[in-house]
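Colleague: make a model of this:
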Amino acid sequence: MPIGKDTSRPTLRLSAALLLSGQLLYILVTQFHADGEANNHRAVFAEYARSGTWTAVHVGQFAAMAILLGGLLALFFALEDRGGSTRWTHRFGAAAAVAALALYGALQGVDGVANKQADLAWMSATGAEKAGRFASAEAIRWIEWGLRSYQDFTLGVALLLFAAAVAKTAWIPRPIGYLMGLSGLAYLVQGWVVGSKGFSMTESIAIVSSWLLSVGWMIWLVVIAQRMQNSRSSNP
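Modeller: Here you go, the predicted structure:
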């Protein structure tokens with residue numbers, strides 16, 4: 001493809017910018033999430049009920065995830081412009097990314113709305129009603145575990161599929177694909193752990209690992225996209 005007509009380059013810049021900004025925004029917003037021992041439900045539900053930033057944090061997390069997954073979809077179009085043997089790999093990756101966003105919206109509906117209301121109802125209940133309200137709050141928490149588990153699985157699969165496509169793409173350094181694949185595996189680990197043990201320390205380690213790996217390959221992708229832009233500017 002002639003350099004002057006390479007439409008994948010601006011799309012790659014858009015993808016890299018969306019991916020990195022979405023990931024960094026997600027990490028930043030998550031720092032304001034109400035804290036506590038996540039599997040100690042009585043203690044942590046009380047923290048959630050008292051949180052004054054709960055709704056804003058979860059809206060922010062959803063917006064950040066939408067930006068991040070929008071970056072993956074932009075990457076789909078950048079790879080699609082070039083065609084090649086990876087066409088179906090990144091198409092399935094794009095489908096998984098759309099499914100991951102839908103699951104994340106459902107997750108935030110449960111976590112950002114239902115959890116908060118159930119915890120408030122439990123905190124304000126008295127007498128015999130309190131035990132029933134706590135059981136309801138725990139049931140919602142377990143639904144959250146399920147949604148988070150399958151959202152992590154789906155996002156992990158999306159990253160692995162894109163990683164396979166990127167690793168076979170000559171104009172993107174292959175190690176970027178390897179790092180993407182490792183971040184995808186970290187999300188699969190998160191999905192397994194939260195589905196079986198809830199929000200444990202093991203899951204927290206997997207979360208931080210996925211963040212570090214993702215920021216690494218996203219920064220690298222930004223650098224590559226900028227170099228491609230500079231190359232295009234010097235070869236009109």
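Colleague: and the nearest residue to D35 once chain neighbours are set aside, which helix or strand is it part of?
Modeller: Counting by Cβ to Cβ, 6 or more residues apart in numbering, the nearest residue to D35 once its immediate chain neighbours are dropped is E47, at 6.8 Å. (Glycine included, C-beta is placed from N, CA and C.) Counting by DSSP states H and E, the element that carries E47 is helix 41-50.
Colleague: list the buried residues for that helix?
Modeller: By neighbour count with 16 or more other Cβ atoms under 10 Å, helix 41-50 contains the buried residues H41, V44, F45, A46, E47, Y48, A49.
Colleague: just the helices from the protein, written as ranges.
Modeller: Along the chain, counting by DSSP state H, helices occupy 8-30, 41-50, 54-82, 87-109, 116-124, 128-167, 174-197, 201-234.
Colleague: now those helices in a markdown table, please, with extra columns for mean pLDDT.
Modeller: Formatted as a markdown table, the helices of the chain follow (pLDDT from 0 to 100):
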| stretch | mean pLDDT |
| --- | --- |
| helix 8-30 | 93 |
| helix 41-50 | 95 |
| helix 54-82 | 92 |
| helix 87-109 | 94 |
| helix 116-124 | 96 |
| helix 128-167 | 96 |
| helix 174-197 | 96 |
| helix 201-234 | 88 |
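Colleague: from A135, how far out is the residue nearest the centre of the chain?
Modeller: The residue lying closest to the centre of the chain (Cα atoms, centre = their mean) is M65, at 5.3 Å. Distance of M65 to A135, given as Cβ to Cβ, to the nearest Å: 30 Å.
Colleague: ok, now I176?
Modeller: Taken as Cβ to Cβ, the span from I176 to A135 is 47 Å.
Colleague: more neighbours: which of the two?
Modeller: Between I176 and A135, counting by other Cβ atoms under 10 Å, I176 is the more crowded of the two (20 against 11).
Colleague: my read is that that one contacts K168, right?
Modeller: No - the pair I176 / K168 is not scored as a contact, 11.8 Å apart, by Cβ atoms under 8 Å.
Colleague: L69 contacts Y26, correct?
Modeller: No - contact criterion Cβ under 8 Å: L69 and Y26 do not qualify, at 10.7 Å.
Colleague: between those two, who's got more neighbours?
Modeller: Counted by other Cβ under 10 Å, L69 and Y26 do not tie: L69 has more neighbours, with 24 against 19.
Colleague: against A49, how distant is that one?
Modeller: Taken as Cβ to Cβ, the span from L69 to A49 is 30 Å.
Colleague: what does W220 give?
Modeller: From W220 to A49 the distance is 42 Å (Cβ to Cβ).
Colleague: next up, the contacts around L179.
Modeller: A163, L213, G216, W217, W220 (Cβ atoms under 8 Å, 6 or more residues apart in numbering).
Colleague: now for the fourth one: which residues touch it?
Modeller: Taking Cβ under 8 Å, 6+ apart as the contact definition, W217 lies against I176, L179, M180, S183.
Colleague: any idea how far it is from A102?
Modeller: 24 Å.
Colleague: do the third one as well
Modeller: G216 is 27 Å from A102, where distance means Cβ to Cβ.
Colleague: between the two, which one's more packed in?
Modeller: Between G216 and A102, counted using other Cβ under 10 Å, the more crowded position is G216 (16 against 13).
Colleague: need the contact list for that one.
Modeller: With contact set as Cβ under 8 Å, 6+ apart, G216 has these partners: L179.
Colleague: same question for A128.
Modeller: With Cβ under 8 Å, 6+ apart, A128 has no contacts at all.
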